[in-house]
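Peer 1: Predicted model and sequence follow; I will ask about them next.
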Amino acid sequence: MAVGPASIARPAPTTGRPLSLRGVLEREGVFSWAMLAPGVLFLLAFVAYPFFYGIFLSFQDRRVASPGTFVGLANFVALAQDPVFWQVARNTFIYTIAATALKMVGGLGMALVMNQQFRGKNLARAFLLLPFIVPTVLSTVAWMWILDPTFSVINWSLLHSGLMTQTFSWLGNATLAMVSIIAVNTWRGLPFYGITLLAGLQTISPDLYEAAAMDGATLAQRFWHITIPVLKPVLVIVTMFSVIFTFSDFQLVYILTHGGPANATHLFATYAFDIGMSAGVLGMGAAVALAMLPPLALLIVALTLYLRRE
Amino acid sequence: MVGGKGLGGRTLRLYLPLGFFLVAMLFPFYWMAITSIKPNRELYSQKIMPLVVHQPTLKHYVDLFADTNFLTWTYNTMLVASVTTVISLVLGVMIAYPLARMNFPGAAVVAIGVAATYLVPQPLLFIPMADIINTLHLGDTLSAVMLTYPTLLIPFCAWLLMGYFKSVPRELEEAARIDGASRFQAMTRVVLPLCTPGLLSAGIFAFTLAQNEFLYALIFLTKSAVRTVPVGAITELIRGDVFYWGQLMAAALLGSVPVAIIYSFFVDYYVAGLTAGSVKS
Amino acid sequence: MTTRREFLAGTLAAAGAAALTPRSSGAAPKSMSVVHESSFIKPFDDFFVKTLAPEYEKLTGIKMNYEPVSVGGMLTRLTTMAETKSGPEITATGINWPHLFDNSLVDVTDVAGEIGKKLGGWHEIVQDVVVVNKKWKALPWGNIGQLENYRTDWFKEVGVTKFPETWEDLLAAGRLLKKKGHPFGFELGHGFGDNHGWLYPLLWSYGGREVDRDGKTVLIDSSETAAAVDFCRRFFKETMLEDVLGWTDVNNNKAFLGEQISCTNNASSILVVAKRDFPEIGKVTDHALNPHGPKGRFHVLNAQSHAIMTYASDVKAAKDFLRWLYDDKQLSRWLIAGDAYYAPFLHAYDNHAMWNPEPRYMPYKEALKTSRYHAWPGPVGHAASESVAKYVLVDMFAKACRGDSTKDVIATAAGQLKQIYKTKV
């Protein structure tokens, strides 16, 4: 069915000729499926299939360059008894929740600020997006120096201004290391929140605020009863994506600490990588990765239910 | 209004927080820029204030272009990002349009299925994906990443476009069909043009994600000539335990600043696209 | 404007054509490929490409392609090659990979025998990692050693003119140096080389072991291990900065060249970079063997070797090439081009002239006698790799250093090892 540059005006297929190809394709169901088919097939081939293959792998003792043997749930049992695995789970949750909360609050702040008029606004908006645009692995390399105890600008400034006598070990101390990766992740992801929430803010007409103000609403009341409700759907969707990305984060930790010190910053993704690629134990690597799914699904279902309630 | 209407208020509401955000977000870039022109001996010196360069040099940039495949990597990255963005937009449109505007049997199943693919994160797929790519003998080809990146990008494009498609009134489409257009024509000539900001916005986001991707590129692209900037820089500007910091930072800046400039032109569309997409979904 | 159908048809056709294209399988190869982890010493790679390969081509007509893979990417590349059964015919291997990829590598016992006979015999220790089930699967060309790198000037300032012989002596020196603002910096984080480079030797030198020779008994829970852990904790507290707990391989190089630390465990990369970029630091940098513990002196083994993939179309041609490469005429020139970065495993080179230009690399040669593979004396296989990739040993020491009790950290490590070694070797 060649659709040429001819005008839109062509005799419409009437319902009296259902057997013509054009007629068939015009039917809602057929058209829809014809449109969906390529995308759905692609996702089936490249997402669904690897996903089920991954499940299959996780039930095997499969090492690199060797055939696998079926072992049922043995990999998962081993993981349940692996203290590192539980540490990794704890780390990933803390990392995701803390970073998401910070990004949400920070992003909202950024959006509120950027929602005002000032010269150079477009340029500012573009540059504020930079942390999100620059390839993460490269900006993380920069952070290695910013967090270095001797060369860190933070530490240098603190020391030389006399505020501190000792430097912090941002990447050597277990707690500070987690703080550091949360900070870097927040830095990287905040612009995404900021710009998206800004979009939401811009749909609110200033008249609404003025009317409310004239009715005597305080700043806080205007914020909670006008701003937040409009932003809520945006917020939930953005948070959903952010949670998925943060929960499965790999690059940042791989470059900065590779899971150290002593597994304090190891996440599901980095642990799965070490086991699967460095040790060549593909079956267990797949099991670690699969173990991510239940908690992630729970988080998302919770968010979706919350959204539907509104 | 916070702080009142005067300059003091404006400072409190605007300049102070704006300044804070600009410094917090851009400070690392300042550091990256400084490091890319700092000679090694200054970089390693504890005595010098790290934020200042005494004897700037362009050596790192020269070395980056002369000694490495940086230009090749940049070309690969742009090619891969562009191709995967186009693929993802096309497939995203084709998925989003029926889900947003049509009634048909199985719609709910497909919607849930597509939503489920949002949930499947990359680390879950990379091991089986490596097996598949190896079986297809696509290892070390750009096709490997061109086929795998859309798995990350299509879900977002589809979600965003669904929101935008839903916002176009049915009457416009029906009017076109009454005039004799097929559904396909109605889509391409009426609805899609109205959703250009959404398409641009989805495209920009997809492009950003694609040029930032690391894990699949790390696993599938092991030959220098086919590498993208992130994985090329990390694996080749690092020889064993020696990092070529100056070159790494030069690569970071050269890789991101042009994209940021492009962003500054499209940022209005990006924002507008996200508005319709998220608020109305 | 192509319709969807045309687009789909085109794609299917292309895919079909690709699937049906026969892969060429020749008799005598016109060319072969060698894949290598790119050398830290660039002239080493260049020598192969610019000198050795053309010589071989003139000799036999076979073009040798050299494919460098970035450091750290070799394992991934080899994994891909083994799984897809395609790629370069000859590959570099390291650590215990000949055991991991045993099924994919050709038996080269015959070639090994010939080379050994001509060049004074192979060092015993390397055979553990390249001989699998009595068959040679790879031919080692050199070791990348991990030794003590230290600042001679600062050590002299505190009265130490010869590098300390025992761990306790080193600790004493470190105590003095830390007071002077020149602490030590030994990696205790999740790097790969510079942590194992001293932690395995530390464990072994106190008599500690991970598992026994047959991999059936986990031996880490012992008084010897406890002694090593206790020493490590004191060593960390009294001589180092807290930051080392999070260090990966690059940090100690950075710290040494930034004059933050006076001593660390590293390959010779620090000296190489110092000589090139920081000559004043280079003048006062030297190498020494790992110190003695109560039960001996040890180093880690990282033997770089060549192996032939089983899918190679002409195994004989590959073997012939390796025979030629490992002839003294070629091998010694190549090793010299590498600036003695690699310590060869053939006794003929024990007193070779290549060590003379930079005598500070000699300790790397000395260290060969006492080098052991990771997870020694246990079996060299998948379990060893898993233990290393999971940082079992490193984390044990690191957690002790940050304050956990010796009993706890050993118990955790023992639990991990029991889970790892219960699976087949």
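Peer 2: Sure, I can see it.
Peer 1: In the stretch 201-310 of chain A, where is pLDDT below threshold?
Peer 2: For the stretch 201-310 of chain A, the stretches with pLDDT under 70 are A:303-304, A:306-310.
Peer 1: Show me the helices in it, by range?
Peer 2: Applying DSSP state H, counting those that start in this stretch to the stretch 201-310 of chain A gives helices spanning A:206-214, A:219-222, A:228-247, A:251-256, A:268-273, A:282-290, A:293-309.
Peer 1: how deep is the residue in the stretch 101-250 of chain C that chain B sits nearest to tucked in, by neighbour count?
Peer 2: Closest approach between the stretch 101-250 of chain C and chain B, counting by CB to the nearest CB: residue C:249, at 3.8 Å. Every residue, glycine included, has its C-beta placed from N, CA and C. As a burial measure, residue C:249 scores 26 neighbours (other CB atoms under 10 Å in any protein chain shown).
Peer 1: Equivalent analysis for residue B:83, please.
Peer 2: Neighbours of residue B:83 (other CB under 10 Å): 18.
Peer 1: Using the three-state scheme, assign it.
Peer 2: helix (DSSP: H, G, I helix; E, B strand; the rest coil).
Peer 1: quick one, what contacts it?
Peer 2: residue B:146 (CB atoms under 8 Å, 6 or more residues apart in numbering or on different chains).
Peer 1: where do the strands sit along chain C?
Peer 2: For chain C, applying DSSP state E gives strands covering C:31-37, C:63-69, C:90-93, C:131-132, C:135-136, C:139-143, C:147-151, C:263-266, C:285-288, C:299-300, C:303-308, C:371-372.
Peer 1: mind putting those in a markdown table, mean pLDDT and mean neighbour count included?
Peer 2: Below are the strands of chain C laid out as a markdown table (pLDDT from 0 to 100; neighbours: other CB atoms under 10 Å in any protein chain shown):
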| stretch | mean pLDDT | mean neighbour count |
| --- | --- | --- |
| strand C:31-37 | 89 | 19 |
| strand C:63-69 | 86 | 19 |
| strand C:90-93 | 94 | 26 |
| strand C:131-132 | 92 | 20 |
| strand C:135-136 | 94 | 20 |
| strand C:139-143 | 92 | 26 |
| strand C:147-151 | 94 | 25 |
| strand C:263-266 | 94 | 27 |
| strand C:285-288 | 94 | 21 |
| strand C:299-300 | 94 | 28 |
| strand C:303-308 | 94 | 25 |
| strand C:371-372 | 93 | 20 |
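Peer 1: Out of the ones you listed, the one nearest residue B:180 is which?
Peer 2: Comparison of those against residue B:180 by CB to CB identifies strand C:63-69 as nearest, at 59.8 Å.
Peer 1: So which elements touch the closest one?
Peer 2: strand C:31-37, helix C:53-60 (3 or more CB pairs under 8 Å, 6 or more residues apart in numbering or on different chains; DSSP states H and E).
Peer 1: Flag every buried residue along the longest helix seen in chain A.
Peer 2: As assigned by DSSP state H, the longest helix anywhere in chain A is helix A:83-114. For helix A:83-114, burial by neighbour count (16 or more other CB atoms under 10 Å in any protein chain shown) applies to A:84-85, A:87-89, A:91-92, A:95-96, A:98-100, A:102-104, A:106-114.
Peer 1: Go ahead and measure how far that helix is from the middle of the chain.
Peer 2: Its chain's C-alpha centre and that of helix A:83-114 lie 10 Å apart, by CA atoms, centre = their mean, to the nearest Å.
Peer 1: swap in stretch C:347-356?
Peer 2: Using CA atoms, centre = their mean, the distance from the centre of stretch C:347-356 to the centre of the chain it belongs to is 21 Å.
Peer 1: Can you give me the buried ones in it?
Peer 2: Within stretch C:347-356, the residues that count as buried by 16+ other CB under 10 Å are C:348-349, C:352, C:354-355.
Peer 1: If you average the pLDDT over that stretch, what comes out?
Peer 2: Per-region confidence: stretch C:347-356 scores 84 on mean pLDDT.
Peer 1: Which residues outside that stretch are in contact with it?
Peer 2: The contact list for stretch C:347-356 (CB under 8 Å, 6+ apart) reads C:118-123, C:328, C:332, C:335-336, C:340, C:361-362, C:365.
Peer 1: Return the closest of those with respect to residue C:401.
Peer 2: Using CB to CB, residue C:361 is the member of the contacts of stretch C:347-356 that sits closest to residue C:401, with 30.6 Å.
Peer 1: how many neighbours does the closest residue to the closest one other than its chain neighbours have?
Peer 2: Closest residue to residue C:361 apart from its sequence neighbours, by CB to CB, 6 or more residues apart in numbering or on different chains: residue C:340 at 4.6 Å. Neighbours of residue C:340 under the rule other CB under 10 Å: 25.
Peer 1: Does residue C:340 touch residue C:363 like I think?
Peer 2: No: Residue C:340 lies out of contact with residue C:363 (CB atoms under 8 Å); the separation is 11.2 Å.
Peer 1: Find the centremost residue of the chain, please.
Peer 2: I'll assume chain A. Closest residue to the average C-alpha location of chain A: residue A:245 at 2.2 Å, with CA atoms, centre = their mean.
Peer 1: if you could check chain C rather than the one you did, that'd help
Peer 2: Centroid check for chain C by CA atoms, centre = their mean gives residue C:302 as the closest residue, at 3.2 Å.
Peer 1: hmm, who's touching stretch A:30-46?
Peer 2: Contacts to stretch A:30-46, defined as CB under 8 Å, 6+ apart, come from residues A:24-25, B:91-92, B:94-95, B:97-99, B:102, B:104, B:106-107, B:110, B:113-114, B:117, B:129, B:147-148, B:150-151, B:154, B:158, B:183-184, C:4, C:8.
Peer 1: hang on, the earlier thing: can I get the buried residues of stretch C:347-356 in TSV including distance to residue B:135?
Peer 2: Output for those, formatted as TSV (distance: CB to CB, whole Å):
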residue	distance to residue B:135
C:348	45
C:349	43
C:352	46
C:354	45
C:355	47
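Peer 1: Out of those residues, which is nearest to chain A?
Peer 2: Using CB to the nearest CB, residue C:349 comes nearest to chain A of the buried residues of stretch C:347-356, at 31.5 Å.
Peer 1: any idea how far the closest one is from residue B:81?
Peer 2: Using CB to CB, to the nearest Å, we find residue C:349 at a distance of 49 Å from residue B:81.
Peer 1: Of all the helices and strands packed on strand C:63-69, which one comes closest to residue C:382?
Peer 2: Judged by CB to CB, the one of the helices and strands packed on strand C:63-69 that comes nearest to residue C:382 is strand C:31-37, at 20.9 Å.
Peer 1: Give me the distance between the two termini of stretch C:60-72.
Peer 2: 33 Å (CA to CA, to the nearest Å).
Peer 1: and if you look at stretch A:168-176?
Peer 2: 8 Å.
Peer 1: does that stretch come close to chain B?
Peer 2: No: Stretch A:168-176 lies out of reach of chain B by CB under 8 Å from any CB of the partner chain, never closer than 14.0 Å.
Peer 1: ok, and what's touching that stretch?
Peer 2: A:144, A:147-149, A:152, A:154-155, A:177, A:179-180, A:256-257, A:260-262, A:264, C:189, C:241-247, C:402.
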